[in-house]
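> need a structure here:
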Amino acid sequence: MTPPRQRPTPPARAARRADAERNIAAIVAAGLDLLTKDPDASTADIAKAAGVGRVTLYGHFPTREALLEAVLDRAVAVANTALDDPAYDELPAQEAISRLIVSSWELLDGNRRLLAAADRVLPTERIRHYHDEALARVERLILRGQDEGVFRTDLPLTWLVAHFYATLHSAAQEVDAGRLDLADAAQVLNATLRSVLMADR
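Sure thing, here's the model as predicted:
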């Protein structure tokens, strides 16, 4: 009679969990690296770069959508850390918004190929959700500028925040299409967004 199969001992389960966590981290890191360079990078390419088989990749991320969500989570966490600068609260609102525009563009430019990949499989509203923390920072800064009397108050705050988001993403599309020179993008964005936000004097 065949003896019943024993369950893995707790140390064995812990080792398997650690292996799984390492594989997930490697897959997400490889996905972030490849997709920020090439939005057409395949799951096979990502698995190879992560040092795992495709079966292992699909075991953790059964769809490209699931993989892209995990990669976006990682990219957004890195971006939010980069934007977590106390200078935004210390500088006058006009200076702070220019600094935030340039920093936001640099981060978006670095991830625009990843966003292009996400656009193909994720709904627009889900992608916008990944920007919630960054947009909350924009909202707080606009409110401070309004309190300082330098930003306009005649338009809804939500509209001004949405305009900030849409203009940055439009710049990325224009750069990709070759209609906006990458070297000019930060300056163009700063001039455009400041002209929209500034109060009439």
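> now stretch 133-146: how far from the chain's centre is it?
18 Å (CA atoms, centre = their mean, to the nearest Å).
> Kindly state the pLDDT recorded for the residue sitting nearest the centre point of the chain?
The geometric centre of the chain, computed from its C-alpha atoms, lies nearest to residue 76 (CA atoms, centre = their mean), at 3.7 Å. Looking at residue 76, its pLDDT stands at 91.
> burial measure for the closest residue to it other than its chain neighbours, as a count.
Spatially, and ignoring its direct neighbours in sequence, residue 76 is nearest to residue 130 (4.9 Å; CB to CB, 6 or more residues apart in numbering). Where C-beta positions appear, they are placed from N, C-alpha and C, glycine not excepted. Neighbour count for residue 130, taken as other CB atoms under 10 Å: 19.
> Let me see the contact set for residue 130.
Counting by CB atoms under 8 Å, 6 or more residues apart in numbering, residue 130 makes contact with 72-73, 76.
> Show me these that map onto strands.
The members of these all map outside strands under DSSP state E.
> Take those residues and keep only those in helices.
Residues of the contacts of residue 130 located in helices (DSSP state H): 72-73, 76.
> what separates residue 108 from residue 52, distance-wise?
30 Å (CB to CB, to the nearest Å).
> still on that earlier bit, could the ones in helices among the contacts of residue 130 be laid out in CSV, adding distance to residue 120?
Formatted as CSV, those follow (distance: CB to CB, whole Å):
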residue, distance to residue 120
72, 13
73, 18
76, 18
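> May I ask which helix or strand encompasses residue 108?
helix 93-121 (DSSP states H and E).
> Pull out the buried residues from that helix.
Within helix 93-121, the residues that count as buried by 16 or more other CB atoms under 10 Å are 93, 96-101, 103-105, 107-109, 111-118.
> Please give the number of neighbouring residues around residue 184.
For residue 184, using other CB under 10 Å, the count is 11.
> State the mean pLDDT of the one helix or strand it maps to.
In this structure, residue 184 sits in helix 182-197 according to DSSP H and E. Across helix 182-197, pLDDT averages out at 96.
> What's the per-residue pLDDT of residue 12 here?
For residue 12, the predicted pLDDT is 67.
> close enough to count as contact, residue 190 and residue 100?
No - with contacts counted by CB atoms under 8 Å, residue 190 stays clear of residue 100, the gap being 9.9 Å.
> Setting aside sequence neighbours, what's the nearest residue to residue 121?
residue 65 (4.8 Å).
> so that neighbour, which of the three states?
What DSSP: H, G, I helix; E, B strand; the rest coil gives for residue 65 is helix.
> pLDDT score assigned to it?
On the pLDDT scale, residue 65 gets 94.
> Kindly report the same for residue 5.
Reported pLDDT for residue 5: 63.
> before we move on, what about the one 4 residues further on?
Among the per-residue scores, residue 9 shows a pLDDT of 54.
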